[in-house]
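Visitor: Pasted the sequence and its predicted model underneath.
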Amino acid sequence: MTTVPRAIARWHRLVAARSIADLDDLLAEKVVFQWPAVHTPQAGKAVTKRYLHAALQTLIPRMSEVLQNLADEACS
């Protein structure tokens, strides 16, 4: 069995709690958000936090499953 990286495990806890309260501690100041629906990379903690918050509100019913699949792929 593969071990999930600590940051991914923390993200899973945030998703499960449906809260972004601890997201500041998880994101680097110079984080760059990339997503196929967003055509250009978005730089910075504040904008990344806004995108992730919107994603949590929109995708929460399936987010944990999707993220676990991504984590499994990344660790394999």
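Guide: Cool, the structure landed. Numbers count the residues shown, from 1 in each chain.
Visitor: Quick one: list the elements packing against the longest strand seen in the chain.
Guide: Secondary structure of the chain per DSSP state E: the longest strand is strand 38-43. Applying 3 or more CB pairs under 8 Å, 6 or more residues apart in numbering; DSSP states H and E, we find strand 38-43 packed against strand 32-35, helix 45-75. To be clear about C-beta, it is placed using only N, CA and C from the backbone, and glycine gets the same treatment.
Visitor: Tell me how many other residues surround residue 5.
Guide: Other residues within reach of residue 5, judged by other CB atoms under 10 Å, total 12.
Visitor: Same question for residue 28.
Guide: Residue crowding around residue 28 was assessed by other CB under 10 Å; the count is 8.
Visitor: can you check the one 10 residues further on too?
Guide: Residue 38 is flanked by 11 other residues according to other CB under 10 Å.
Visitor: got the contact list for stretch 47-60?
Guide: Residues from elsewhere that reach stretch 47-60 (CB atoms under 8 Å, 6 or more residues apart in numbering): 14-15, 18, 20, 23-24, 27, 31-33, 35, 38, 42, 63, 66.
Visitor: what's the weakest-modelled helix or strand in this structure?
Guide: helix 45-75 (a mean of 80; mean pLDDT, DSSP states H and E).
Visitor: Buried by neighbour count: which residues of it qualify?
Guide: By neighbour count with 16 or more other CB atoms under 10 Å, helix 45-75 contains the buried residues 45, 48-49, 52, 55-56, 63, 67, 71.
Visitor: The contacts of stretch 47-60: which two are farthest apart?
Guide: Spatial extent of the contacts of stretch 47-60 (CB to CB) is set by the pair 18 and 32 at 24.7 Å.
Visitor: Which one of the buried residues of helix 45-75 is nearest to residue 9?
Guide: Of all the buried residues of helix 45-75, residue 71 has the smallest distance to residue 9: 8.6 Å, by CB to CB.
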